[in-house]
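Q: quick one, structure for this:
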Amino acid sequence: MRDTTDTEPIDWSSGSWLHRPVRADGTPEGHLVVEPAAGSDFWRHTSYGFVHDDGPALLAAFGAGTAVEVSFRLAFTEQFDQAGVLVRTDERNWIKAGVEVSDGQPQLGAVVTREVSDWSVAPVPEWAGREVTVRASRSGDALTVRARVAGEPWRLVRLAPLAPDAEVFAGPFCCSPTRGGLAVHFTGWRVGPADAALHPSD
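A: Below you'll find the model as predicted:
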């Protein structure tokens, strides 16, 4: 498992907006504060019966054999507020991973969509108020998603299929399905080599 020291920063201006946010403001320290539109989300069909594909995501090409990391401050509290990494082939094939508030607490998880969406979560209330980093690593026929807060080990979030020859884009995203006025403070966007292995060596 590689460390963040192997990565290089991506300038916010290098990405293209999939859907433009209400606002995206740079900060003096080089961060980016993004306000998604009220009601924005990514989801396809399963259980809820609707399709949403209108969340703001700042995307750049995501080649095979590389990894992308997005860091943000976990300072949101309302139902379904969310931020993290979006990995996208098209509107029917994508993966979003990060932290989403659900049932009153922050949940670390991922939605993998191949025509229809699934969702897996695990509560991380102890992450509230801290800087979270989500890492998506593309190697072979798989995407490996990990996450951590500063100073703690990486946690495996998801292993999902991703075709080696697919044209893929990835970068930071955020959504606020149930309200307006959310502002997500992104602190970093980085790229580097893919993880050498799924499981760390002893």
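
Q: rest of the way, CA atoms for contacts and neighbours
A: Will do.

Q: name the nearest residue to the residue positioned nearest the centre of the chain, ignoring sequence neighbours.
A: Closest to where the C-alpha atoms of the chain average out (C-alpha atoms, centre = their mean) is Val85, at 1.6 Å. Nearest non-adjacent residue to Val85, counting by C-alpha to C-alpha, 6 or more residues apart in numbering: Pro172, 4.7 Å away.

Q: in contact with the one you found, which residues?
A: Ala57, Leu58, Leu59, Val70, Ala83, Gly84, Val85, Leu86, Trp189 (C-alpha atoms under 8 Å, 6 or more residues apart in numbering).

Q: so which of the residues you listed belong to strands?
A: Leu58, Leu59, Val70, Ala83, Gly84, Val85, Leu86, Trp189 (DSSP state E).

Q: the first one touches Phe186, doesn't it?
A: No - counting by C-alpha atoms under 8 Å, no contact exists between Leu58 and Phe186, whose distance comes to 11.3 Å.

Q: between these two, which is the more surrounded one?
A: Phe186 (26 against 22; other C-alpha atoms under 10 Å).

Q: tell me the contacts of Asn93?
A: So Asn93 contacts Val112, Thr113, Arg114, Glu115 (C-alpha under 8 Å, 6+ apart).

Q: about what we covered before: quick check: the farthest pair among the ones in strands among the contacts of Pro172?
A: Leu59 and Ala83 (13.8 Å; C-alpha to C-alpha).

Q: who has more neighbours out of the two?
A: Per other C-alpha under 10 Å, whichever of Leu59 and Ala83 has more neighbours is Ala83, with 29 against 22.

Q: low-confidence stretches in this protein?
A: 1-5, 201-202 (pLDDT under 70).

Q: at 50 what do you get?
A: 2, 4, 202 (pLDDT under 50).

Q: tell me which helix or strand the closest residue to Glu167 other than its chain neighbours sits in.
A: Among residues not flanking Glu167 along the chain, Thr89 sits closest, at 6.2 Å (C-alpha to C-alpha, 6+ apart). Using DSSP states H and E, Thr89 falls within strand 82-90.

Q: so what touches that strand?
A: 57, 59, 69-72, 76, 94-101, 133-136, 166-176, 184.

Q: before we move on, the earlier item: just the closest of the contacts of Pro172 to Leu162, please.
A: Nearest to Leu162 among the contacts of Pro172, with distances taken as C-alpha to C-alpha, is Leu86, at 13.3 Å.

Q: what's the neighbour count on the closest residue to the closest one other than its chain neighbours?
A: In this structure, Leu86 finds its nearest non-sequential neighbour in Lys96, 4.4 Å apart by C-alpha to C-alpha, 6+ apart. Counted with other C-alpha under 10 Å, residues neighbouring Lys96 total 27.
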